[in-house]
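> this one's structure only:
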């Protein structure tokens, strides 16, 4: 009866669907990263056309030039999706149209890409206070809670302050790095002391934001920081 009164429709094309958020046609184009594809073992950047399944001894050769030249403070980063097509549209709807119910669908699509990531606490990237008031929720916290339930790992969203500043959208790689520097302050170091942490965010572009948070967490006593995000954007 509910379906008759309020029929479900595809988030992308508007066609009626029996369940989920995309129709079969749009669902075939979810931009999922192949878990067997070659990608940097540190930042997770996919290298198209280089399947690594069954190949041995690659090790350090799978670290990209950026990470070799300027190693990030986090141990590894993994995205499950590419930021394009329906993925880009649904993430935008989640963040800017307040479609919170999309978070578990996106996280489920990204789940396979997060395999092998290990930590004792999940730490969502906090929003600046003004952005949190404007949006009404933190999308990274929604994703962290979903992943925490699947992994059986606690989520810690307290004890970190994000200072106000310009958004990262539209900035160059160098500008993002400068803009993110010193943006996070650990207010309660005891929450992270001696812990292996997994930082959670929605999109990885240059990694400047998660790198800034990782530095702050390591400075606050964490022993290691890994990162998971929904989608990788070049």
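Perfect, I can see it now. Since the model is a prediction, treat every value here as computed from it, not as a measurement.
> Stretch 27-43: how far from the chain's middle?
13 Å (Cα atoms, centre = their mean, to the nearest Å).
> Ignore what I typed, I meant stretch 138-147.
For stretch 138-147, the distance to the chain centre is 9 Å (Cα atoms, centre = their mean).
> same deal with stretch 137-153?
Using Cα atoms, centre = their mean, the offset of stretch 137-153 from its chain centre is 11 Å.
> For the protein, which segments count as helices?
2-5, 24-27, 65-69, 85-96, 102-110, 129-135, 139-151, 173-180, 208-219 (DSSP state H).
> any residues touching the fifth one, and which ones?
Surrounding helix 102-110, the residues in contact under the criterion Cβ atoms under 8 Å, 6 or more residues apart in numbering are 11, 20-21, 30, 32, 79-81, 87, 90-91, 93-94, 139, 142-143, 146-147, 228-231. From N, CA and C alone the C-beta is placed, and that goes for glycine too.
> can you pull the buried residues of it?
Residues of helix 102-110 classed as buried: 102-103, 105-107, 109-110 (neighbour count, 16 or more other Cβ atoms under 10 Å).
> Hey, what's the angle from that helix to helix 139-151? Just curious.
Orientation check (axes from the mean of the first three to the mean of the last three Cα atoms, to 10 degrees): helix 102-110 against helix 139-151 gives 50 degrees.
> by how many degrees do helix 102-110 and helix 85-96 diverge?
Using the same axes, to 10 degrees, helix 102-110 lies at 150 degrees relative to helix 85-96.
> what pLDDT, on average, does helix 102-110 get?
For helix 102-110, mean pLDDT rounds to 96.
> Next: stretch 207-216.
Mean predicted lDDT for stretch 207-216 stands at 95.
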